[in-house]
Each structure stands twice: as structure tokens, then as C-alpha cells.
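> no sequence on this one, just coordinates:
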């Protein structure tokens, strides 16, 4: 309900009547549903007939250079926590002097609007990017990357308006090209652990920016309805030298750029696979394990991937594993094709999983008929027929990173069409 | 004597609102004889809930008519932005006086 209020205000209709179903329809039986709908009727009738706009009171908000407070470090922390302007960690106080150091790293004007971020629908100004970059502990030289991150998040295909949905997905920033080295991003052992300033603060920035500018706040705020959700991902970088030594295109090249381009990619991550250890000297030995574990991690959520037929999971291959696969003559596309062909679930599982999420009228056959899924998903009406987990193998991201001294990979499951992969040149 | 603790003059971390100034469509005071459109994101038992709402409102408001959700398709499908763009025309075409839009996250 609070989330609905944030959204209706963001789209300019703060008086939009909302009838709230009390409880959870997915755990109510038919009798309870009927009883609760009956109880809802007065709200529905009021919304349909008689609702009127409530006069709006203009709320003056601070301008970018307005000083909103003066205080000691502790007082500033308390102020930002109390106003829900922080992520719960201490923030660097955003003074004008610090913000200006960030602005000096871009030719863009402070009042330039990079995009508009729903659900709160605020203008993503360069100034606000710098302020939140300061707060997140970024260095001023990260500013061009911060701007590119916000450009990506503001693209309609990213669907930031859905970043507060119940799956509780989190953006993952991937930095490619020369800037990753210049900013000292980790791409090796412990790549996804907090501890390296660039990786950590860039990841923290995204979450802080979504709270403050998109308006995605967990209680006591509103707008973020992630049921259990997760914390921010540190930014990821690729071991591009390792990828290039194998003759594989880098992740940045897969997104349509050259190795000389500095690129930021943002996509959603809704869950992470276990660490995937694979051994052997042949590609097939590794592919089999990757299919079982990465495929297994994706299988449950694939029903939702199938619902929209646009799904972009990401596989982070350890350098030693990528080397075996490449030296056995496999390309990245060969691996994608293997995963597409060998990771399957039954139609019954796909439809059952979708039902649990809330897609109560979902069938694969209906999605084939609607042209969302290819015919392979409805070759018969046998519920035990198997269907590919990955609808579009070309959308499986593959990136080489992690510990070169171990044989471990990891998979990142994205949230179907929410948080679609978007790349921006820095 | 200890050095005084530094103080900081800090700025606002939010950004200017870009929310448009919309207004609610005019409502009728009486639903008798009116046409109500149903929009649904095809989640959370709408196929069960909409018929309950229909029956209850038909019993209270003679002549009320519904344009059922199948007419519009899912508001949370792959092509939802295209649907949203054509929705005002579709609702006019169907003669809708009011809309119930069922959503969940």
C-alpha cells in the first residue's frame, strides 16, 4: 500500500484511489478470497464513483546548493539516518567542496538531467550523482563511471520502476575496458567481496542512489517492497587479459564495444549460484558441471524468464576453467549452446513455479500461442515434456574473473525483464 | 585543550521532483448503467477476484457493464509499454466510464 502511494505520487496522481486486499491472495483459499473481496467493495466503489482530487500542498524542497544542516560527523550521520537519506552505513558528509571535486571530473553541467527515475520520479541530475557518490565513499575520479551507471539505470529497458518489486533484485555494475584498470577495480581473487575501494563504493553508490533519487526505501520508508531482498553487489570487472589470451571476446566486446572502450554495464541480480567447482582437462567436463549447478540455480526462476522471454543470466567463469574450455576449441557461443541444449526443466515444473510466484493463469502453451515463446515450448501437452531453461542462449552473459589459482565459477540470475542488461560507454 | 570537532555544512542528497501534475478523471456519482474496464497484470488470482467484483457490483448497480480483462491483455507483459500507449484509445473505444486496475509486485 505504501509502495502504491509512492508510485501514484510519482506519476502525478497522489489522490489515486487504492483498494488494498488485506493479506496475501496466494495463501488464501477461495472462501477467504471471497470474504476479503466483499470487504474490499466499499473501497472499490469509492474509487470508481465519487473520488475527487485532494488539493495539493506545495512542499518546498531544498535546492542543490542549499545547506540543509551543519553538524559534527555524528550529528550528520543521525540527520541522514533520521531522514532516510542513508543506507544504514556511515556516509561521507556531502559538503559543497567535496561535491565540487566530483563535478570537476565531468564536463557535464551540474543541473543536467541524465534521466528520470521512478517510482518517486526524481530528475537524476549530475549534481545528485556527485552528492551520492561522495556519500558512498567514491573517489572524485569515479564520477564518469557514476554518470554512466545512472545513464544505464535510467534507460527504459532497465525498468528501474520495478526495482522495488518483491523478488528484491539488486543492480550489478560491470566495468569493462581501460577505466577498470585506471580505477583499480579488482577482477581477481575475491572479486565480489567488499574490500577494494572502487568495486565496493561503486556498488554502494547504486543502492544509495536508488534510495535517494528513485525513492526505493525499505521500512520505515516506502517504495521498496523486496520481500527478503539482498544487499548491494560490489562492482564486477573482468580479467580481460585472461579472456583475450584465450582468443575470446571480452564481456565489453560482447556488448558491442572494443577493448579500448571503457564501458559500464548494469543488470539485475536476483540470486546467486553456489560456488561452482569443476575439474578436468576437457571442455565437456566443465560444461556438464556448469549446466548442472548454474543451470540448476537458474531453473526455478526460469519460469518467470519464460513468461517474458527475455532473460539475461550471467556466468562468471574462473580463469582456469575458461582456459580449459577455450583450449579445447570451444567458443563462448559453444558454451551458451551447450547450456541451452542441456539445461531443461519439465513444463509441469515451469508452470508450477510460476504459479507460486503469483502467475495463476500461466501456461507455456498460452505463451507460445501469444508468440512470446518459440514452438519448442509446446511440442505436446505432456506436462512431463522438457523445455529449455534458457529461452535465448545468446543472452547468457559470460565473463572471466575470479581466482586464477582455483577452479571456481559462479552464476548470477537476473530478474527476467526487470533490470535488463544495459551498457553505456564511459 | 583538545581540538574542536570539525563541523560540516551538508547538502540534500535527493533530486528535484519530476512528477507531473496529473489529475484524476472525473467520476460519476452513480455506477448504474456505467461501463467499467478491467485491467490486470495477470498475477495474484485476478481470474478469481474479478468475477467476484463483477457479480457484487452487478447486484448493486443495475445496468453496470464490464469490459473484461481479456479484452486488454496483461498490463505486465513483455509489450506493456506499447499497451500503455494505446490504452486511452482502447478505453474510449470500449466506452469505459471507469477502470479497475489490479496490480501487485
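Received it, and whenever you're ready, just let me know what you need. Computed from a predicted structure; not experimentally measured. Residues are numbered from 1 along each chain as shown, chains lettered A, B, ... in the order given.
> got a list of what the residue of chain A positioned farthest from its centre touches?
Relative to the centre of chain A, the most outlying C-alpha is that of residue A:50, 40.0 Å out, by Cα atoms, centre = their mean. Residue A:50 is in contact with B:27, B:29, counting by Cβ atoms under 8 Å, 6 or more residues apart in numbering or on different chains. C-betas here are computed from N, CA, C, even on glycine.
> gap between it and residue A:15?
Distance, residue A:50 to residue A:15, by Cβ to Cβ, to the nearest Å: 12 Å.
> all helices of chain B, in order?
Counting by DSSP state H, residue ranges of the helices within chain B are B:46-60, B:80-93.
> for chain A, find the nearest of those helices.
For those, the distance to chain A is smallest for helix B:46-60, at 4.4 Å, taking Cβ to the nearest Cβ.
> now that closest one: buried residues?
Across helix B:46-60, burial judged by 16 or more other Cβ atoms under 10 Å in any protein chain shown covers B:46, B:48-50, B:52-54, B:56-57.
> ok, residues contacting it?
With Cβ under 8 Å, 6+ apart, helix B:46-60 has contacts from A:21, A:25, A:30, A:33-34, A:37-38, A:40-41, A:44-45, A:360-361, B:31, B:36, B:38, B:40, B:64, B:66, B:68-69, B:100, B:102.
> ok, now stretch B:96-104?
Contacts with stretch B:96-104, where a contact means Cβ under 8 Å, 6+ apart, come from A:4, A:25, A:44, A:47-49, A:358, B:27-28, B:31, B:34-41, B:43-44, B:46, B:49-50, B:53, B:67, B:75-76, B:91.
> re earlier: put together a markdown table for the helices of chain B, with mean pLDDT and distance to residue A:288 on each row.
Putting the helices of chain B into a markdown table (pLDDT from 0 to 100; distance: least, Cβ to Cβ, whole Å) gives the following:
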| stretch | mean pLDDT | distance to residue A:288 |
| --- | --- | --- |
| helix B:46-60 | 94 | 41 |
| helix B:80-93 | 91 | 38 |
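> tabulate these (a markdown table), appending distance to residue A:118.
Formatted as a markdown table, these follow (distance: least, Cβ to Cβ, whole Å):
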| stretch | distance to residue A:118 |
| --- | --- |
| helix B:46-60 | 23 |
| helix B:80-93 | 13 |
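> out of the ones you listed, nearest to residue A:131?
helix B:80-93 (30.6 Å; Cβ to Cβ).
> how about that closest one and chain A, any contact?
Yes. Using Cβ under 8 Å from any Cβ of the partner chain, helix B:80-93 comes into contact with chain A via residue B:81.
> ok, residues contacting that helix?
Applying Cβ under 8 Å, 6+ apart, the contact partners of helix B:80-93 are A:156, B:37, B:39, B:71-75, B:77, B:99.
> try it again with 7 Å
By Cβ atoms under 7 Å, 6 or more residues apart in numbering or on different chains, the residues outside helix B:80-93 that reach it are B:37, B:72-73, B:75, B:99.
> among the residues you listed, name the buried ones.
Among these, those classed as buried by 16+ other Cβ under 10 Å are B:37, B:72, B:75, B:99.
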